[in-house]
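Any chance you can model this:
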Amino acid sequence: MPKIEYVSKKFKDEKLELIAKVNDIVDEYERQGYSLTLRQVYYQLVARDVIPNNERSYKNLGVLISDARLAGVIDWDSIVDRTRFLRQRAHWDDPEDILRSAAHSFSVDKWEDANSYCEVWVEKDALIDVVEQVCVTYDVNCLSCRGYVSQSTMWESARRLIDVDKDITIFHLEDHDPSGKDMSRDIEDRLKLFGANISFERIALNFDQIEYYRPPPNPTKLTDSRSTGYVDEFGYECWELDALEPRVITDLISNKIKPVMDEDLFELHQKREDLEKERLKRFASTYSDFAESEEFAN
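This next block holds a predicted model:
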């Protein structure tokens with residue numbers, strides 16, 4: 001994990017103390033298998049009463065982390081930006097490498113013979129890695145909605161779901177704010193409008209979870225056209241999904257997927273997948289001998 005100094009910079013003692021707390025949080029979650037975004041680090045600091053919960057505090061933290069990275073005191077790999085990434089082709093030094101990669105990637109549909117099917121939709125790109133981690137475990141598709149979903153994506157999703165001849169459930173995760181509450185309604189309404197026969201469940205962030213987990217609140221944006229009804233029901237505070245710990249989010253998803261899956265069928269398909277992977281690995285190991293054989297050479 002690289003700490004590289006590009007700019008020499010001295011920090012005041014209180015800034016060094018905050019940097020140390022950032023590194024502690026990052027290391028704590030890395031040991032659990034999670035990479036955090038800047039927003040998630042911010043909410044962890046707020047939840048631990050290290051910094052106040054306001055926009056100025058968030059911006060100041062962003063500046064400090066940027067400076068600390070340049071100064072070589074925060075790891076460049078420790079905080080991720082999941083909204084921007086390079087799309088690139090894979091390259092291979094040796095044909096055997098791609099065979100081994102294929103063996104590793106081989107997967108069968110573990111819901112193929114099941115009567116049920118589910119997907120997990122999350123509003124934020126910043127959380128897709130957290131959601132994907134648990135979805136991969138259960139072989140469930142996940143979608144990053146990025147705010148109100150475009151008409152094209154909604155129509156394409158509905159057409160895809162129409163072809164699934166099973167009991168379909170869409171699990172949705174979203175901020176608890178005026179637009180976030182409405183986005184759940186909008187997804188369900190438009191999927192059904194386009195002909196998808198689904199059950200829809202908003203599994204986070206819900207008010208009972210807010211009361212239980214106590215994530216740091218934000219002021220409700222009164223400029224949001226949907227704020228009046230929201231304020232009447234919930235008051236002048238709203239909450240972001242990012243404020244929940246990654247483990248809480250994955251547990252919420254896992255606890256919803258398990259009741260709709262056929263565990264016996266899943267295990268049966270998993271055994272088949274493991275067997276085929278092992279066969280592919282053995283096949284890959286024979287490539288060198290095949291490539292060097294007289295038959296291949298000619």
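
average pLDDT across stretch 193-209?
For stretch 193-209, mean pLDDT rounds to 97.

That stretch: which residues count as buried?
Phe194, Ala196, Ile198, Phe200, Arg202, Ile203, Ala204, Leu205, Asn206, Gln209 (16 or more other Cβ atoms under 10 Å). C-beta: built from backbone N, CA, C; applies to glycine.

Quick one: end-to-end distance for that stretch.
30 Å (Cα to Cα, to the nearest Å).

contact partners of it?
Residues outside stretch 193-209 that contact it (Cβ atoms under 8 Å, 6 or more residues apart in numbering) are 154-155, 157-159, 161-162, 167-176, 180, 184, 187-188, 191-192, 215, 234, 239-241, 244, 249, 252-253, 256.

picking up where we left off before, now render the buried residues of stretch 193-209 as TSV, adding secondary structure.
Putting the buried residues of stretch 193-209 into TSV (DSSP: H, G, I helix; E, B strand; the rest coil) gives the following:
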residue	secondary structure
Phe194	coil
Ala196	coil
Ile198	strand
Phe200	strand
Arg202	strand
Ile203	strand
Ala204	strand
Leu205	coil
Asn206	coil
Gln209	helix
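
Could I get those residues in CSV, plus columns for distance to Asp113?
Listed next are the buried residues of stretch 193-209 as CSV, based on distance: Cβ to Cβ, whole Å:
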residue, distance to Asp113
Phe194, 27
Ala196, 22
Ile198, 20
Phe200, 24
Arg202, 29
Ile203, 25
Ala204, 30
Leu205, 34
Asn206, 33
Gln209, 34
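
Looking at those, which one is closest to Tyr42?
Leu205 (16.6 Å; Cβ to Cβ).

which parts of stretch 21-29 are buried?
Lys21, Val22, Asn23, Ile25, Val26, Tyr29.

Show residues contacting that stretch.
35-36, 41, 44-45, 48, 50, 65, 68, 73-75, 78-79, 246.

got the CA positions of it in CSV?
What follows is stretch 21-29, C-alpha atoms only, in CSV (Å, rounded to 0.1, in the frame of the first residue of the first chain):
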residue,chain,number,x,y,z
LYS,A,21,-7.8,8.7,13.1
VAL,A,22,-8.5,8.6,9.4
ASN,A,23,-5.7,6.0,9.0
ASP,A,24,-7.1,4.0,12.0
ILE,A,25,-10.6,3.9,10.4
VAL,A,26,-9.2,2.9,7.0
ASP,A,27,-7.1,0.1,8.5
GLU,A,28,-10.0,-1.1,10.6
TYR,A,29,-12.3,-1.5,7.5
